[in-house]
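**Student:** I'd like to go over a predicted model; first the sequence, then the structure.
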Amino acid sequence: AQTVTQSQPEMSVQEAETVTLSCTYDTSESDYYLFWYKQPPSRQMILVIRQEAYKQQNATENRFSVNFQKAAKSFSLKISDSQLGDAAMYFCAYRRPDWGGSEKLVFGKGTKLTVNP
Amino acid sequence: EPEVTQTPSHQVTQMGQEVILRCVPISNHLYFYWYRQILGQKVEFLVSFYNNEISEKSEIFDDQFSVERPDGSNFTLKIRSTKLEDSAMYFCASRHELAGASYEQYFGPGTRLTVT
């Protein structure tokens, strides 16, 4: 079974600084998707960024980027120029491809990010 | 922008009672999901639903749980006889059908279920 591990229960960063959240996963599949979701205090989960395993290029979305190391099964999220609104729980998630028969997202335990003014 | 909605936002019920949690997925989505998050723990998959039937369910989704799409817009999760350990935040999610289209699961704001 696939597992997702986030080893940092909590992280903090100064406003305007850069922070990296770690995620590792375990799978025997060669093709899959990886996601970072943000869950602010309002509780609604919002997709931050996604990465297809077959793509070597790391995904970027504005201030958010990932460092995807397929061989190491590592998928870290870098937040640049941190803003107060970035404060939230961040969940790393894994999903098999559509033809895998399983569409479920497998989540890590999350990292609580605090942004200090 | 279209969004997934859930009602109620908070439900308090007594142990042994039946509860129905309601979700309205995004209108052109055809894959639907329920997840739950016990306070302080990770989000866990419960069930996925497509073409009016369950496509996958987890070990958590036992005979006490059922899902239904009673009409063209609602997607419900029923817990027949609630237990204290069912207290959690329940999230509904939906996804567009087309392979190659956005495979993002869009989440609702959640229903907090408290069983006393």
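**Tutor:** Great, that's in hand.

**Student:** how much space is there between residue A:37 and residue A:47?
**Tutor:** Distance check for residue A:37 against residue A:47: by Cβ to Cβ, to the nearest Å, it reads 6 Å. (Each C-beta comes from the backbone N, C-alpha and C, glycine too.)

**Student:** Just grab the bridge partners of the residue positioned nearest the centre of chain B for me.
**Tutor:** With distances taken as Cα atoms, centre = their mean, the residue of chain B nearest its centroid is residue B:34 (3.0 Å). Residue B:34 has these beta-bridge partners by DSSP bridges: residue B:47, residue B:92.

**Student:** per-residue pLDDT, it?
**Tutor:** According to the prediction, residue B:34 has pLDDT 97.

**Student:** Surely it touches residue B:66?
**Tutor:** No. Taking contacts as Cβ atoms under 8 Å, residue B:34 lies outside contact range of residue B:66: 10.6 Å.

**Student:** joint contacts of the two?
**Tutor:** Counting by Cβ atoms under 8 Å, 6 or more residues apart in numbering or on different chains, the common neighbours of residue B:34 and residue B:66 are residue B:77.

**Student:** near chain B, which residues of chain A?
**Tutor:** A:33, A:35, A:37, A:42-47, A:50, A:91, A:95, A:98, A:101-110 (Cβ under 8 Å from any Cβ of the partner chain).

**Student:** Can I get the buried part of those as one ChimeraX selection?
**Tutor:** Here is the ChimeraX command that selects the buried residues among these (16 or more other Cβ atoms under 10 Å in any protein chain shown):
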select /A:33,35,37,43,44,45,47,50,91,95,102,103,104,105,106,107,108,109,110
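
**Student:** Number of residues surrounding residue A:90?
**Tutor:** Neighbours of residue A:90 under the rule other Cβ atoms under 10 Å in any protein chain shown: 23.

**Student:** for residue A:2, same thing?
**Tutor:** Neighbourhood size, residue A:2 [other Cβ under 10 Å]: 15.

**Student:** what helix or strand does residue 31 sit in?
**Tutor:** With no chain named, the answer covers chain A. Per DSSP states H and E, residue A:31 falls between elements, in no helix or strand.

**Student:** wait, I meant chain B there
**Tutor:** Using DSSP H and E, residue B:31 sits in strand B:29-37.

**Student:** which ones are touching the residue nearest the centre of chain A?
**Tutor:** Nearest residue to the geometric centre of chain A (Cα atoms, centre = their mean): residue A:36, 3.0 Å. By Cβ under 8 Å, 6+ apart, residue A:36 lies in contact with A:21, A:23, A:47-50, A:64, A:66, A:75, A:77, A:90-93.

**Student:** Switch the residues you listed over to TSV; also include distance to residue A:8.
**Tutor:** Listed next are the contacts of residue A:36 as TSV, based on distance: Cβ to Cβ, whole Å:
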residue	distance to residue A:8
A:21	6
A:23	9
A:47	20
A:48	16
A:49	17
A:50	20
A:64	17
A:66	15
A:75	13
A:77	11
A:90	9
A:91	12
A:92	11
A:93	16
